[in-house]
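In: Just need the structure, nothing else, for what follows:
(chains A and B)
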Amino acid sequence: MDQAEFLFQILLPVLMEGMIVTIKLIVFTAPFGLILGILVAVGRVYGSKPISLLCKGAVGFIKGTPLLLMLFILYFGLPSIGITLSAFVASLVGFIMCNGAYNSEYIRGAISSIKEGQIIAAQALGMTRMQAVRHIILPQALIRAIPGLSNEFIYLIKYSSLAYMLTVIELTGAGKMVATKYFEFTEVFMIVGIGYLILVTITTIAVMLIERKVAVPGMTQSGRNMLDIL
Amino acid sequence: MNHKGLGLVLVLIMAVTVAFAGCTSSEQTPAEEQVIIEETTVYTVGIDGEYPPYAFIDSEGNAQGFDVESARWIAEQQGFEVKFQPMAWDSIIPSLMNNKIDMVYAGMTITDERKEKVDFSIPYWVVNQSVAVHEDSGYTLEDFKSGSLVVGAQSGTTGQIWVEENLIDTGLMPKENLKASYSNFPLVAEDLKIQRIDAAIYDKPPMLDAIAGKPIVIVGEINTGEEYGVAIRKDDPELLAMMNEGITALMADPYWEELKTKYEMTE
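Out: Modelled structure (predicted):
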């Protein structure tokens, strides 16, 4: 079998299927991870003492355990207490927890960079504390959190390959199956690597566009956007 | 960074490089001498760490099993030493080709695809594939062969290949129904136990071991008549000759029967 035939007839079709699964994993995880991140960050900074402690504890637990271990518990461990998740759902739950925990840290950092006085000013205008957080603090904090959040998104693209360990055939898994069958490890993994590089590059460009779109004059340094250099 | 700092870093990098370069050469020399003095070569044998009764790691971390003991016997008889390296089965052939190990002696089926990449010794064992289901499910071998079940197999095993060639390529079974990315068989057995999959396919003796004590029953065998052989790099005909000689001698020796009794294996 020659190289071109292997590449176009065997490898690429399988990798495309894997790529679709990878994209599905990312697309389903990202929004929930972001929402979870916002809720946890707000809960931690503005919540009552028990809520704040709960959020802190949960984030500490998720940050402190390897994602792979968590996926194994979700997939192979939970059935022993009667919860049987499919491999795809178990991966999603694990990714959302992990993504949400890290996102919350980026958002928390952004929230604390906004001056306390803004809440007091909003309250003086008759807003409740939660209204002030929602309408005044969060819109600013989220803009500031974009670099961190996009970083976490890129991590998500790459750690989505762990779903392979739970029998989800995503990009890496698809590559490994072909590599195992045809013993062409170097070629296959190089192309898999290019696949991830493409995903990450698209993300990076999209983030730059978003950053430019949401930039507020005076608050962020919109003039320093990478796109302007390009 | 100012230029002074940069210079310092460069000097440090160079110092470390030189230090490690020195390290390597001083470590290698005595190792080579040792080999010359003792005149025995140490071969690294790649095994699957979870493939009882052929090869497995016992609770104390030692390699054990029918194939492991066979390899030790042959090594002694042929005058070389062996050390065992458990590794991921689906990448064991590339490891062999890249000199990470010198042979694979752990129930490896001789297939044409594998033969393109590595050499095999004479066959020393014949096995068939077994199909197992959950005891409550009532599935039969006919259900399995009709392609209507969700099947689990360890990645890179002949069971996976059998299902692909005989059920998927013939259009009997949708591709998604074969779950073959498990890194070892105990995980497949675990998923069969909770009925996330309907059936599992694997070589019979290690399957018996993995399903012991679980609500899983073997419903039948698929007569594939696969032959096990020792895989050796193509550029290592010397070792191949030694292993062939060793296997022939072992199979003629009373120790062969002893091993078979010890590991409860029947041909």
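
In: Which positions in the stretch 101-250 of chain B make contact with chain A?
Out: Proximity of the stretch 101-250 of chain B to chain A is confined to B:113, B:116-117, B:152, B:155-156, B:161, B:179-183, B:187, B:190-191, B:194, B:196 under the rule C-beta under 8 Å from any C-beta of the partner chain. Heads up, the C-betas are built off the backbone N, CA and C, glycines and all.

In: And the residues you listed, which of them are buried?
Out: B:117, B:152, B:155-156, B:161, B:179-183, B:187, B:190-191, B:196 (16 or more other C-beta atoms under 10 Å in any protein chain shown).

In: of those residues, closest to residue A:84?
Out: Of all these, residue B:196 has the smallest distance to residue A:84: 6.4 Å, by C-beta to C-beta.

In: pLDDT score for the closest residue to that closest one other than its chain neighbours?
Out: Leaving aside its chain neighbours, residue B:196 sits nearest to residue A:84 (6.4 Å; criterion: C-beta to C-beta, 6 or more residues apart in numbering or on different chains). Note for residue A:84: predicted pLDDT of 90.

In: So residue A:84 versus residue B:195, what's the distance?
Out: 8 Å (C-beta to C-beta, to the nearest Å).

In: roughly how far apart are the residue nearest to the spatial centre of chain A and chain B?
Out: Nearest to the geometric centre of chain A sits residue A:153, at 3.7 Å (C-alpha atoms, centre = their mean). Distance, residue A:153 to chain B, by C-beta to the nearest C-beta, to the nearest Å: 25 Å.

In: In three-state terms, how would that residue be classified?
Out: Assigned with DSSP: H, G, I helix; E, B strand; the rest coil, residue A:153 falls in the helix class.

In: I'd assumed residue A:29 was in contact with it.
Out: No. In this structure, residue A:153 is not within contact of residue A:29 by C-beta atoms under 8 Å, at 9.4 Å.

In: Now do the same contact list for the residue lying closest to residue B:104 once chain neighbours are set aside.
Out: Excluding the flanking residues, the one nearest residue B:104 by C-beta to C-beta, 6+ apart is residue B:231, at 4.0 Å. By C-beta atoms under 8 Å, 6 or more residues apart in numbering or on different chains, the contact set of residue B:231 is B:93, B:96, B:103-105, B:108, B:114, B:118-121.

In: Kindly recompute the last result at 7 Å.
Out: B:93, B:96, B:103-104, B:108, B:114, B:118, B:120 (C-beta atoms under 7 Å, 6 or more residues apart in numbering or on different chains).

In: what do you get for residue B:47?
Out: B:55, B:63, B:68, B:84-86, B:105-106.

In: and it, what are its bridge partners?
Out: The partner list for residue B:47 in beta bridges (DSSP bridges) reads residue B:86.

In: Show the backbone phi and psi for residue B:130.
Out: phi -110, psi 150 (degrees, to the nearest 10).

In: wait, it sits on residue B:221?
Out: Yes. Using C-beta atoms under 7 Å, residue B:130 makes contact with residue B:221 at a distance of 5.3 Å.

In: so what sits against both of these two?
Out: Counting by C-beta under 7 Å, 6+ apart, the common neighbours of residue B:130 and residue B:221 are residue B:204.

In: For these two, indicate the residue with more neighbours.
Out: Taking other C-beta atoms under 10 Å in any protein chain shown, residue B:130 and residue B:221 do not tie; residue B:130 has more neighbours (22 against 13).

In: Now the more buried one: closest residue in space that isn't a chain neighbour?
Out: Among residues not flanking residue B:130 along the chain, residue B:204 sits closest, at 4.2 Å (C-beta to C-beta, 6+ apart).

In: from what I can see that neighbour touches residue B:128, true?
Out: Yes. Assessed by C-beta under 7 Å, residue B:204 is found in contact with residue B:128 at 6.1 Å.

In: what about chain A, any weak spots by pLDDT?
Out: A:1, A:220-230 (pLDDT under 70).

In: And residue A:150, how close does it get to residue A:109?
Out: As judged by C-beta to C-beta, residue A:150 and residue A:109 stand 14 Å apart.

In: What are the boundaries of the strands in chain B?
Out: B:42-47, B:50-51, B:55-57, B:63-64, B:81-86, B:103-109, B:119-120, B:125-134, B:151-154, B:178-182, B:199-203, B:216-232 (DSSP state E).

In: Could you find the closest non-adjacent residue to residue A:122?
Out: Residue A:122's closest residue in space is residue A:132 (C-beta to C-beta, 6+ apart), at 3.6 Å.

In: contacting residues for the one you found?
Out: A:119, A:122-123.

In: ok, back up a step: looking at residue B:204 and residue B:128, which is more packed in?
Out: With neighbours defined as other C-beta under 10 Å, residue B:204 and residue B:128 compare such that residue B:204 has more, 17 against 13.

In: residues touching the more buried one, list them.
Out: Neighbour list for residue B:204: B:127-128, B:130, B:221 [criterion: C-beta under 7 Å, 6+ apart].

In: Quick one, grab the pLDDT at the residue nearest to residue B:130.
Out: So residue B:204 comes in at 89 (pLDDT).

In: ok, now residue B:26?
Out: pLDDT at residue B:26 comes out at 43.

In: Also the one 4 residues further on?
Out: According to the per-residue confidence, residue B:30 scores 45 in pLDDT.

In: again, but for the one 3 residues further on
Out: With respect to pLDDT, residue B:33 scores 47.

In: what's the closest non-adjacent residue to residue 87?
Out: No chain in the question, so chain A it is. Spatial nearest neighbour of residue A:87, chain neighbours left out: residue A:166 (4.3 Å); criterion: C-beta to C-beta, 6+ apart.

In: try again with chain B
Out: Nearest to residue B:87 is residue B:46, by C-beta to C-beta, 6+ apart, at 5.4 Å.

In: Could you do residue A:25 as well?
Out: Closest to residue A:25 by C-beta to C-beta, 6+ apart is residue A:160, at 4.6 Å.

In: distance of that neighbour from residue A:118?
Out: Relative to residue A:118, residue A:160 is positioned 37 Å away (C-beta to C-beta).

In: between these two, which one's more packed in?
Out: The neighbour count for residue A:160 versus residue A:118, taken as other C-beta under 10 Å, is higher for residue A:160 (25 against 14).
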